[in-house]
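**Q** below is the sequence, then the predicted model.
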Amino acid sequence: MPNMKFRFCGDLDCPDWVLAEISILSKITSVKMKLLCVQVIKDILGTEIDYEKVTKLTADAKYEESDIKASIAALNFIISSAAKYNVDSESLSHELQQLGLPKEHTSSLCKAYGDNLASLQSSLQQQSLRVSRLQGVDWRVDHVISSSHLQDIGESCVQLKMSREDVDNGETSTVSFTSSADKFRILLAELKQAYNMMETVSN
């Protein structure tokens, strides 16, 4: 399918691996397609996929484990990418039919997509600029009597310890550092500026 651009792909070609999954997705019924889409949408919104339920849904189509994972990945791409580029259900249905997905299947997919579009866009917006989630901050101010790092004895310094959670794997790590009072004031001012910019973008 050369030189065809799709809105749900950001006006680019559809990835070859997604094209390859269209025929696999066509093997299940349109009813089960909708149920599978519901599972994928829950995953995008932060609820773990019920793989036992997915395996039952795809049993009639004789999906291998690799087929299940690839189908979920393809649906995840289609749904999240369409939401990202604000594609309406009707346009998405038309484009998926162009790629060879049966009309009944596209209707099921797009019904689930349309019903959850607002929630999907809200969730994706929250995830788009976040590389980790701040879990907590501990701090204290010390009055330094002697130091090889600070120029003036008697200068105050700030001890900071931040705990953060990686959004991809859920692992928590801790970052600790010491800052002079002057450098901390600069850091605080820059963080406030960044926060105000993010508030402006979100509004």
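**A** Here it is on my side, so go on.

**Q** could you say which helix or strand holds residue 136?
**A** Secondary-structure assignment from DSSP states H and E places residue 136 in strand 132-143.

**Q** partner strands of that strand, with direction?
**A** Neighbouring strands of strand 132-143 in its sheet, by DSSP bridges, are strand 156-166 (antiparallel).

**Q** thinking again about what came up before, what residues does the strand holding residue 136 touch?
**A** 154, 156-167, 172, 181 (C-beta atoms under 8 Å, 6 or more residues apart in numbering). The way it works is simple: take the backbone N, C-alpha and C, and place the C-beta from them, glycine included.

**Q** just the buried residues of those.
**A** 157-158, 162, 164 (16 or more other C-beta atoms under 10 Å).

**Q** of the contacts of strand 132-143, which pair is most distant in space?
**A** 154 and 167 (42.0 Å; C-beta to C-beta).

**Q** for residue 95, give me its contacts.
**A** Counted by C-beta under 8 Å, 6+ apart, residue 95 has contacts 6-8, 87.

**Q** can you lay out the residues you listed as CSV showing pLDDT, distance to residue 109 and secondary structure?
**A** Shown next, in CSV, are the contacts of residue 95 (pLDDT from 0 to 100; distance: C-beta to C-beta, whole Å; DSSP: H, G, I helix; E, B strand; the rest coil):
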residue, pLDDT, distance to residue 109, secondary structure
6, 94, 14, strand
7, 93, 15, helix
8, 94, 11, helix
87, 94, 12, coil
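
**Q** tell me the one among these nearest to residue 53.
**A** residue 8 (25.8 Å).

**Q** any idea which element the closest residue to residue 21 other than its chain neighbours lies in?
**A** Of all residues not flanking residue 21 in the chain, residue 74 sits nearest, at 3.7 Å (C-beta to C-beta, 6 or more residues apart in numbering). Here residue 74 sits within helix 65-84, counting by DSSP H and E.

**Q** next structured bit after that helix?
**A** Assigned by DSSP H and E, the successor of helix 65-84 is helix 89-98.

**Q** mean confidence for that following helix?
**A** Mean pLDDT, helix 89-98: 96.
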